[in-house]
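quick one, what's the 3D model for this:
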Amino acid sequence: MHSSRLVAPLLIALVVGIPALEAQGSRERGYLFGEPPATFTIFGGLALPGANSELFALTYEQLTAERSDFASFDGGVDLALRLTPRLDLVLGAAGTNVTHHSEFREWVDQYDQPIRQRTTFRRTPIGATLRFHLRERGQQVGSYAWIPTSIVPWVALGGGAMRYRFAQAGDFVDFETLGIFSDRFVAKGWAPFVQVGGGVGVNLTPVVQLTTELRYVRGSGKLDEPFVDFDRLDLSALTTAVGFTFRL
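The predicted model follows:
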């Protein structure tokens, strides 16, 4: 009676367990049962903004700020869906956020103290990219085994929409009255962008790949009050990133 009750659980364990053990063994031996239909990447790196528009220029001129002060960490995720053996559709999102504390270069308050403020610049691009691999990503051996290629370079082209926010808060000089006042100025919105990039994937295991990428994003955002007299805000940036890709 007891032995008959164990038959069904044992059969289930065999049906479920044997393929799992075979899959695990295949990964240890350096191959998969087929080319993965998708990959997931998490990455981080350094974003070097263009920051070339008039609002940035005025900030550099009046405040103790430089273009390099707006460089920041860039982190994000990508989901790549295989379209052909060499072409992927990549859906991704990333984000940068930097806060720089500054003071007026040539002005102090009535107590001979610095006039201080802080500037926050945030970018969140969300988009889609076509990624073309310059080498075959793997080799099919027989009916089941798929062996990943050790090193695979790629190029990419895409675009999307970017959420942006530029804010300055603190003390400022009224150049008409030469008085000092406290305030907070914010510009935010959505803007389209295009991007190009290239990278290299280095195979670590059949499931995990180390990736390095260079990506250039170009875009600009509209400025409303109180920055209505300025041209569009430069949202462009050059990003270098390192990440881990997981074959799904």
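
drop to CA atoms for contacts and neighbour counts, all remaining ones
Fine.

residues in contact with residue 67?
Shown here is residue 67, whose contacts under the criterion Cα atoms under 8 Å, 6 or more residues apart in numbering are 49-51, 60.

and those residues as a markdown table, adding secondary structure?
Conversion of the contacts of residue 67 to a markdown table gives the following (DSSP: H, G, I helix; E, B strand; the rest coil):
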| residue | secondary structure |
| --- | --- |
| 49 | strand |
| 50 | coil |
| 51 | coil |
| 60 | helix |
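
beta partners for residue 132?
Beta bridges link residue 132 to residue 87, residue 155, judged by DSSP bridges.

ok so, going back, who wins on neighbours among the contacts of residue 67?
Compared across the contacts of residue 67, residue 49 has the highest neighbour count, 22 neighbours, by other Cα atoms under 10 Å.

circling back: pLDDT and distance to residue 187 for the contacts of residue 67 - can I get that in a markdown table?
As requested, these are arranged in a markdown table below (pLDDT from 0 to 100; distance: Cα to Cα, whole Å):
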| residue | pLDDT | distance to residue 187 |
| --- | --- | --- |
| 49 | 96 | 17 |
| 50 | 95 | 18 |
| 51 | 94 | 15 |
| 60 | 97 | 18 |
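
and of these, the nearest to residue 91?
residue 49 (22.1 Å; Cα to Cα).

which strand residues bridge the closest residue in space to the closest one that isn't next to it in sequence?
Spatial nearest neighbour of residue 49, excluding adjacent residues (Cα to Cα, 6 or more residues apart in numbering): residue 237 at 4.0 Å. Listed by DSSP bridges, the beta-bridge partners for residue 237 are residue 49, residue 217.

what does the one 10 residues further on give?
Note on residue 247: beta-bridge partners by DSSP bridges are residue 39.
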